[in-house]
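Asker: This is a predicted model, with the sequence first.
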Amino acid sequence: GARRQVTTNPAADGCPRYSPDGRWLAYRAMKRPGFEADRWQVVLLNRETGALRSLTADWDRSVEGLTWSPDSRFLVLEAEDQATKRLWRVGLEGGTPEALTGGGAASEPTVLRDASTVVFSRSTLNAPAELFSVPVTGGTAAPLTQLNAPVLARVAMNVPESVTVRGAGGTPVQMWILQPPGFDPARKWPLVFWVHGGPQGAFLDSWSYRWNAQLWAAQGYVVALPNPRGSTGFGQRFTDQISHDWGGRVYRDLMACLDSLEKRPWIDTQRMAAAGASYGGYMMNWFQGNTDRFKTLV
């Protein structure tokens, strides 16, 4: 058939999802043209009238994915929040979405046919993805699979600690700290200080098959994963504050995180390395020209 343009937004639209009853088209939309890290809102298009309205206009989180309920009465959203990735429910009336899941990184939700339960995958910094279920009203997620349990039972891993540091201008900055297996606080441990890419991205409580924090820690390092200015999941203003300032506030945030780590008696301040790729690689070059606190840059 003939192609027809559905939206006229000068910024980005994406992730279109027809409602099961055919009445609605839900999709993600940005407001600022030419800016890849603007906040993604959920927009609902009435297919009969053509009317558009945002369901998350006043919600300061950026939607990554959206899934309809089988009865077309609500949507399940994926969105980062404070170094986690959670599932949220929003009705067709819009407003502030309700959190369905807690910590970890949740994704790939499916609402079951009776619209009472959501099945999804979830990982954490110390566990690869497994399948879970949670009521659509929220609550404690129940595991459906434990495929990795036999392997994990043989592997020593510590649970990461989440801390908050005063960054540039006193702004709170979140950071994960992961201690190595066999950690003894009476000893001094070398530090690896990571910087994430993007720069609009984040270190989440999620398993990675690319940069795996547990694998690095297993070599005998304390691993720090800070989320400085520009990181996602902490509000759009926080994300925006790295634009045209790739070596300013974000650098001061990172140095504030490093200051807090150096105050811990078990960090060997004479054996500290930093590592990063993409924007993290940019920051390695910035470190090289602005500080001599690291013995190694990767």
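Answerer: Received the coordinates, thanks.

Asker: any weak-confidence spans in the stretch 51-200 of the chain?
Answerer: Low-confidence segments of the stretch 51-200 of the chain, defined by pLDDT under 70, are absent.

Asker: how about residue 257, what does it touch?
Answerer: Residue 257 makes contact with 165, 167, 173, 175, 193, 224, 226, 228, according to C-beta atoms under 8 Å, 6 or more residues apart in numbering. Where C-beta positions appear, they are placed from N, C-alpha and C, glycine not excepted.

Asker: The fifth one belongs to a strand?
Answerer: It refers to residue 193. Yes: read with DSSP: H, G, I helix; E, B strand; the rest coil, residue 193 is one of the residues of a strand.

Asker: How many neighbouring residues does the closest residue to residue 59 other than its chain neighbours have?
Answerer: Nearest residue to residue 59 in three dimensions, chain neighbours excluded: residue 96, at 5.6 Å (C-beta to C-beta, 6 or more residues apart in numbering). For residue 96, the neighbour count with other C-beta atoms under 10 Å is 12.

Asker: Surely residue 96 and residue 58 touch.
Answerer: Yes: assessed by C-beta atoms under 8 Å, residue 96 is found in contact with residue 58 at 7.2 Å.

Asker: and residue 288, what element?
Answerer: helix 279-290 (DSSP states H and E).

Asker: all helices in the stretch 1-150 of the chain, in order from the N-terminus.
Answerer: Taking DSSP state H, counting those that start in this stretch as the criterion, the stretch 1-150 of the chain carries its helices at 149-152.

Asker: May I have the phi/psi pair for residue 170?
Answerer: When quoted as degrees, to the nearest 10, the phi and psi of residue 170 stand at phi 80, psi 10.

Asker: now do residue 178
Answerer: Per degrees, to the nearest 10, the backbone of residue 178 is at phi -120, psi 120.

Asker: From residue 192, how far off is it?
Answerer: As judged by C-beta to C-beta, to the nearest Å, residue 178 and residue 192 stand 9 Å apart.

Asker: Quick check: neighbours shared by those two?
Answerer: 222, 223, 224.

Asker: tally of neighbours for the residue nearest to the second one when sequence neighbours are not counted?
Answerer: Right, the one you point to is residue 223. Using C-beta to C-beta, 6+ apart and skipping the chain neighbours, the partner closest in space to residue 223 is residue 178 (4.5 Å). Neighbourhood size, residue 178 [other C-beta under 10 Å]: 23.

Asker: give me every residue that touches residue 178.
Answerer: Shown in contact with residue 178 (C-beta under 8 Å, 6+ apart): 125, 158, 160, 161, 213, 214, 217, 222, 223, 224, 225.

Asker: Write the PyMOL selection for whichever of these are buried.
Answerer: To isolate the buried ones among those in PyMOL, judged by 16 or more other C-beta atoms under 10 Å, type:
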select buried, resi 125+158+160+213+214+217+222+223+224+225
